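Enquirer: After the sequence you'll find the predicted model.
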Amino acid sequence: MLLYTQNNSKFAYSLEENEFKDSNLDKDFNGKNNYALLGVPFDSTSTYKVGSRYGPLVIREASHNFERYNLTFDKNLDLPFYDLGDVEIVPGNLIKTCCNIESTVKKLKDHNLTPIFLGGEHSITYPILKAINAEDVTVIHFDAHMDMIDRYMGEKYSHATVMRRVYDLNPLEIIQIGIRSCSREEKIFVDKKNIKYYSSKDVYSDIKKIIETIDGIDSKIYVSIDIDVLDPSFAPNSGNPMPGGIDPFQMEILISKIAEKEILGLDLVEVASNQLGDVTAINAAKIIYDFLCLKS
Ligand SMILES: [Mn+2]
């Protein structure tokens with residue numbers, strides 16, 4: 001922080017530019033990967049509520065609501081990370097936007113920086129994982145929806161088909177958590193392909209079983225969080241709100257287990273609000289804030 005100022009257009013506790021330049025963050029820092037945060041203000045394939053283009057803005061604004069000290073985990077947010085701003089998107093053109101995201105992630109990889117992305121709609125997960133090279137990665141996917149349909153109204157690339165495109169990248173495993181909506185074809189597909197999914201009811205009735213599954217992962221992990229995994233009472237302004245979701249305490253428990261593992265990247269998508277102090281954005285910012293504290 002420079003001269004006791006803060007920059008609300010960046011995520012809270014991000015290094016300032018001068019600190020970033022002095023920190024060797026673009027080198028392998030203490031032999032560990034460091035984190036870079038980026039926004040993707042893109043929502044052109046949204047099927048219901050638009051507005052996730054404002055997600056990065058409202059999540060960053062909401063992040064300034066939290067103390068550096070995280071009482072829940074008894075940790076300070078001391079992790080050196082830098083909010084690089086937003087990826088240049090091409091409104092209405094998912095393919096060009098995906099190319100920009102893919103090139104950005106490849107550059108971050110060259111600098112040993114682990115990406116944390118703020119969506120934007122869910123389709124942005126595909127180019128991130130394409131750039132990371134998903135083949136030896138377990139993908140943990142929090143969502144109300146499976147997003148496993150092959151085509152949405154004939155479209156191969158859409159926020160509604162994103163996990164099917166991720167499946168095409170041949171990751172080690174996909175584990176879905178919080179699911180409570182899909183088509184019959186998607187259900188048949190995940191059963192046939194042995195894709196593990198836990199419904200939001202499973203989270204309420206047997207969270208221990210899910211924790212055991214996370215504990216048992218011995219590969220690197222990529223985490224994709226659609227904010228609609230939370231119940232609409234906690235996240236009303238998501239792209240496709242679906243009743244019967246998990247609550248922020250359950251999310252805290254699950255994210256704390258996941259943060260014990262080696263994380264190759266994380267995205268949090270589908271926050272569709274254009275209001276300051278929005279509860280969906282606050283809950284989204286809290287998940288990112290918890291993760292950064294846990295990794296501190
Ligand atoms: Mn969803």
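Expert: Looks like it arrived, so ask away. Here the structure is a predicted model, which is why all the values come from computation and not from measurement. Numbers count the residues shown, from 1 in each chain.
Enquirer: Might you enumerate the residues of the protein proximal to the ion?
Expert: In this structure, the chain approaches the ion at residues 143-145, 226, 228, judged by Cβ under 5 Å from the ion. Where C-beta positions appear, they are placed from N, C-alpha and C, glycine not excepted.
Enquirer: which residues touch K156?
Expert: For K156, the contacting residues are 150, 165, by Cβ atoms under 8 Å, 6 or more residues apart in numbering.
Enquirer: Ramachandran angles for it?
Expert: K156 adopts backbone torsions of phi -80, psi -40, taken as degrees, to the nearest 10.
Enquirer: Checking V203 next. Helix, strand or coil?
Expert: Counting by DSSP: H, G, I helix; E, B strand; the rest coil, the backbone at V203 sits in helix.
Enquirer: Tell me if I'm right that it and I210 touch.
Expert: Yes. Under the criterion of Cβ atoms under 8 Å, V203 makes contact with I210 at 6.5 Å.
Enquirer: which neighbours do the two share?
Expert: What both V203 and I210 touch, as defined by Cβ under 8 Å, 6+ apart, is the set 177, 254.
Enquirer: Closest one of the residues of the chain next to the ion to G92?
Expert: G92 has its nearest neighbour among the residues of the chain next to the ion in D226, at 21.9 Å by Cβ to Cβ.
Enquirer: hang on, that closest one packs against G120?
Expert: No. Counting by Cβ under 8 Å, no contact exists between D226 and G120, whose distance comes to 11.1 Å.
Enquirer: More neighbours: those two, which one.
Expert: Summary of the neighbour comparison: D226 and G120, criterion other Cβ atoms under 10 Å, with G120 having more neighbours (33 against 30).
Enquirer: I'd assumed V40 was in contact with the more buried one.
Expert: Yes. Here G120 lies in contact with V40, judged by Cβ under 8 Å, at a distance of 3.6 Å.
Enquirer: residues bridging contact with these two, i.e. touching both?
Expert: Taking Cβ under 8 Å, 6+ apart as the contact rule, the neighbours common to G120 and V40 are 56, 89.
Enquirer: ok and the residue in the stretch 51-200 of the chain nearest the ion?
Expert: H145 (3.8 Å; Cβ to the ion).
Enquirer: So what sits opposite that residue in the bridge?
Expert: Here H145 shows beta-bridge partners S181, assigned using DSSP bridges.
Enquirer: cool, Y197 as well?
Expert: Beta bridges link Y197 to Q176 when assigned by DSSP bridges.
Enquirer: doesn't S181 make contact with it?
Expert: No. No contact is recorded between Y197 and S181 when judged using Cβ under 8 Å, the distance being 11.4 Å.
Enquirer: Of those two, which one has the most company?
Expert: Per other Cβ under 10 Å, whichever of Y197 and S181 has more neighbours is Y197, with 20 against 17.
Enquirer: ok, the more buried one - contacts?
Expert: For Y197, the set of contacting residues under the criterion of Cβ under 8 Å, 6+ apart consists of 146, 175-177, 179, 190.
Enquirer: which residues in the stretch 151-296 of the chain form strands?
Expert: In the stretch 151-296 of the chain, strands defined by DSSP state E, counting those that start in this stretch lie at 173-179, 196-199, 220-226, 263-269, listed in chain order.
Enquirer: Make CSV out of these and add mean pLDDT.
Expert: Supplementary listing: these in CSV, determined by pLDDT from 0 to 100:
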stretch, mean pLDDT
strand 173-179, 98
strand 196-199, 98
strand 220-226, 98
strand 263-269, 97
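Enquirer: export these to a markdown table and tack on distance to T114?
Expert: Output for the strands of the stretch 151-296 of the chain, formatted as a markdown table (distance: least, Cβ to Cβ, whole Å):
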| stretch | distance to T114 |
| --- | --- |
| strand 173-179 | 20 |
| strand 196-199 | 24 |
| strand 220-226 | 10 |
| strand 263-269 | 6 |
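Enquirer: Which one of these lies nearest to I124?
Expert: For I124, the closest of the strands of the stretch 151-296 of the chain is strand 263-269, at 6.5 Å, according to Cβ to Cβ.
Enquirer: Convert the C-alpha atoms of that closest one to CSV, please.
Expert: What follows is strand 263-269 as a C-alpha-only set of coordinates in CSV (Å, rounded to 0.1, in the frame of the first residue of the first chain):
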residue,chain,number,x,y,z
ILE,A,263,-4.1,-25.5,-7.1
LEU,A,264,-3.3,-24.7,-10.7
GLY,A,265,-6.0,-22.1,-11.1
LEU,A,266,-9.4,-20.9,-10.0
ASP,A,267,-12.3,-19.1,-11.5
LEU,A,268,-15.4,-17.6,-10.0
VAL,A,269,-18.1,-16.8,-12.6
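Enquirer: All set now, cheers.
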